[in-house]
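Participant: Fold the following.
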Amino acid sequence: QVQLVESGGGLAQAGGSLRLSCAAAGYIFSGYSMGWFRQAPGMEREFVAAITWSGDSTEYAASVKGRFTISRDNAKNMVYLQMNSLKSEDTAVYYCARGEYIAPINWRLSGYDYWGQGTQVTVSS
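Facilitator: Below you'll find the model as predicted:
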């Protein structure tokens, strides 16, 4: 079965960096786009970044553009989110999710069918 497992969350100071990882299993990883989403307490889950199945195209939420970088390694079935210049408003649970098969990036939650359990990111100011 499809499994997505995030890691790398934790506590960081404002201005610092964290790198999230997501290990995928149970499907042909290289055929699907992947996305990162986040959910802060009392807030709806929101799009952060996504990458196409081949890795040749990425998209970012305006709030993280220029600070976060999504990447993938299809040989290792991994997707990453490098987060730099962290701000207190980046505090949230971060989720990786599987997008659509051989399709353009979709920023809508409805475009993702499998989700990881999430990893907490806390940024102290």
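Participant: Could you look up the SS state of the most centrally placed residue in the chain?
Facilitator: By Cα atoms, centre = their mean, the chain has its centre lying nearest to Trp36, at 2.2 Å. Under DSSP: H, G, I helix; E, B strand; the rest coil, Trp36 falls in the strand class.
Participant: Do I have it right that it meets Val48?
Facilitator: Yes: at 4.4 Å, Trp36 counts as touching Val48 under the criterion of Cβ atoms under 8 Å. Backbone N, C-alpha and C define where each C-beta goes, glycine included.
Participant: list residues touching both of these two?
Facilitator: Shared between the contact lists of Trp36 and Val48 (criterion: Cβ atoms under 8 Å, 6 or more residues apart in numbering) are residues 81, 94.
Participant: From Ala49, how far off is the residue nearest to the centre of the chain?
Facilitator: Going from Trp36 to Ala49 by Cβ to Cβ, to the nearest Å gives 5 Å.
Participant: list residues touching both of those two?
Facilitator: 70, 81.
Participant: Now Trp107: closest residue in space that isn't a chain neighbour?
Facilitator: Phe47 (4.5 Å; Cβ to Cβ, 6 or more residues apart in numbering).
Participant: about what we covered before: could I get the contacting residues of the residue nearest to the centre of the chain?
Facilitator: 20, 22, 48-50, 70, 79, 81, 94-97.
Participant: Neighbour count, secondary structure and distance to Ser88 added to those residues, as CSV?
Facilitator: Formatted as CSV, the contacts of Trp36 follow (neighbours: other Cβ atoms under 10 Å; DSSP: H, G, I helix; E, B strand; the rest coil; distance: Cβ to Cβ, whole Å):
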residue, neighbour count, secondary structure, distance to Ser88
Leu20, 24, strand, 18
Cys22, 25, strand, 24
Val48, 25, strand, 16
Ala49, 26, strand, 19
Ala50, 25, strand, 24
Ile70, 22, strand, 22
Val79, 30, strand, 25
Leu81, 27, strand, 18
Tyr94, 23, strand, 15
Tyr95, 23, strand, 20
Cys96, 30, strand, 22
Ala97, 23, strand, 24
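Participant: quick one on the thing from earlier: please report how far the residue nearest to the centre of the chain lies from Asp90.
Facilitator: Distance from Trp36 to Asp90, by Cβ to Cβ: 12 Å.
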